[in-house]
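A.B. asks: Have a look; sequence and predicted model below, questions after that.
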2 protein chains.
Amino acid sequence: MRTTEPITLTPIGHVESRFTEPEPLEEMRRHPSRLVLRPDLAGGLDGLAVGDWLVVLFYCHRARGYELRQHPRGDATQPLRGVFALRSPYRPNPIGVTVARIEAVEGNVVQVSGLDALDGSPLLDIKPYVSFFDSDSEECDANASL
Amino acid sequence: MRTTEPITLTPIGHVESRFTEPEPLEEMRRHPSRLVLRPDLAGGLDGLAVGDWLVVLFYCHRARGYELRQHPRGDATQPLRGVFALRSPYRPNPIGVTVARIEAVEGNVVQVSGLDALDGSPLLDIKPYVSFFDSDSEECDANASL
């Protein structure tokens, strides 16, 4: 595969959230969300339990276009930074990555807290969170996976 | 956008690694890798510095196909689990998410340690790592972004 070749992904489901417009992330994370998987993928949730932490990958479907350098949080008083030094959703591949806690699992639906995705965001992946600090390395670093 | 619609992403670059075949993750993470961005995106690295931690999203281009339930690490003595309860690269959308440390930045290339991507893996995104435990929340949880 050449790296310039486009990659096509099929969403595994979508997010249901009370937020249809962007709000401060801290506010969004205070409210529960639902990860609604395609019914044919429900079996992929086997083994997840309430209280587990997930890494949720979603597509920021409302984020159109980007600048290579941006003001942090859109604050023009802050100096411009490169998009890869920012968490802005306006980026070449607008994929959101957030850790969320499982509150319930039922069939093809996972209720979570801590997610900051807008309603309708396509879900790309869900992974168990492996703590950055659970490593047996003294450096608590290079053995981490999120 | 309907969630069943495919999403097409264009890689921002690729990974250079000594590993062309899968090895134990712990072994892969011991060795340095290079994130080679498309030259037109080099400006997006402005503001990143040696010692910073990144969340690196890459496409597991060698992972073809998946089972909805798998044995952890392919160990048949372990009970089957759902793919979303595993970090297996064999999943509906094989996107790898790893935290890596910046060792050097030069032009469109970032040298990192801690990455577990195979040589040639298409890069999808790079984000600054925001510690899961830096939150001002008592719960050190729901305000986390990776």
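C.D. replies: Here it is on my side, so go on.

A.B. asks: okay, CA-based contacts and neighbour counts for the rest of this
C.D. replies: Fine.

A.B. asks: Distance check, the residue nearest to the spatial centre of chain A against residue A:120.
C.D. replies: Taking Cα atoms, centre = their mean, the centroid of chain A lies closest to residue A:97, which sits 2.9 Å from it. Distance, residue A:97 to residue A:120, by Cα to Cα, to the nearest Å: 16 Å.

A.B. asks: what's the answer for residue A:32, then?
C.D. replies: From residue A:32 to residue A:120 the distance is 14 Å (Cα to Cα).

A.B. asks: The two: which is more packed in?
C.D. replies: A count of neighbours by other Cα atoms under 10 Å in any protein chain shown puts residue A:120 above the other of residue A:32 and residue A:120, at 23 against 19.

A.B. asks: Helix, strand or coil: sort out that one for me.
C.D. replies: The three-state label given to residue A:120 by DSSP: H, G, I helix; E, B strand; the rest coil is coil.

A.B. asks: Surely it is in contact with residue A:11?
C.D. replies: No: applying Cα atoms under 8 Å as the test, residue A:120 and residue A:11 come out as separate, 11.3 Å apart.

A.B. asks: returning to that earlier point: what's the closest non-adjacent residue to the residue nearest to the centre of chain A?
C.D. replies: Using Cα to Cα, 6 or more residues apart in numbering or on different chains and skipping the chain neighbours, the partner closest in space to residue A:97 is residue A:57 (4.8 Å).

A.B. asks: show me the contacts for residue A:59.
C.D. replies: Contacts here follow Cα atoms under 8 Å, 6 or more residues apart in numbering or on different chains; on that basis residue A:59 touches A:94-96, A:121-124.

A.B. asks: Contacting chain B as well, which ones from those residues?
C.D. replies: Of the residues in the contacts of residue A:59, proximity to chain B by Cα under 8 Å from any Cα of the partner chain holds for A:95, A:121-124.

A.B. asks: want to try JSON lines for those, with distance to residue A:7, neighbour count and pLDDT as columns?
C.D. replies: Output for the ones next to chain B among the contacts of residue A:59, formatted as JSON lines (distance: Cα to Cα, whole Å; neighbours: other Cα atoms under 10 Å in any protein chain shown; pLDDT from 0 to 100):
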{"residue": "A:95", "distance to residue A:7": "13", "neighbour count": "23", "pLDDT": "97"}
{"residue": "A:121", "distance to residue A:7": "19", "neighbour count": "25", "pLDDT": "96"}
{"residue": "A:122", "distance to residue A:7": "16", "neighbour count": "31", "pLDDT": "97"}
{"residue": "A:123", "distance to residue A:7": "16", "neighbour count": "26", "pLDDT": "98"}
{"residue": "A:124", "distance to residue A:7": "13", "neighbour count": "24", "pLDDT": "98"}
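
A.B. asks: Out of these, the closest to chain B would be?
C.D. replies: Within the ones next to chain B among the contacts of residue A:59, the smallest distance to chain B is 5.3 Å, found for residue A:122 (Cα to the nearest Cα).

A.B. asks: now the closest one: how far from residue A:73?
C.D. replies: The value you get for residue A:122 to residue A:73, if Cα to Cα is used, is 23 Å.

A.B. asks: Would you mind listing the residues in contact with the nearest residue to residue A:71 once chain neighbours are set aside?
C.D. replies: Spatial nearest neighbour of residue A:71, chain neighbours left out: residue A:80 (4.6 Å); criterion: Cα to Cα, 6+ apart. By Cα under 8 Å, 6+ apart, residue A:80 lies in contact with A:69-72.

A.B. asks: Understood, closing this out.
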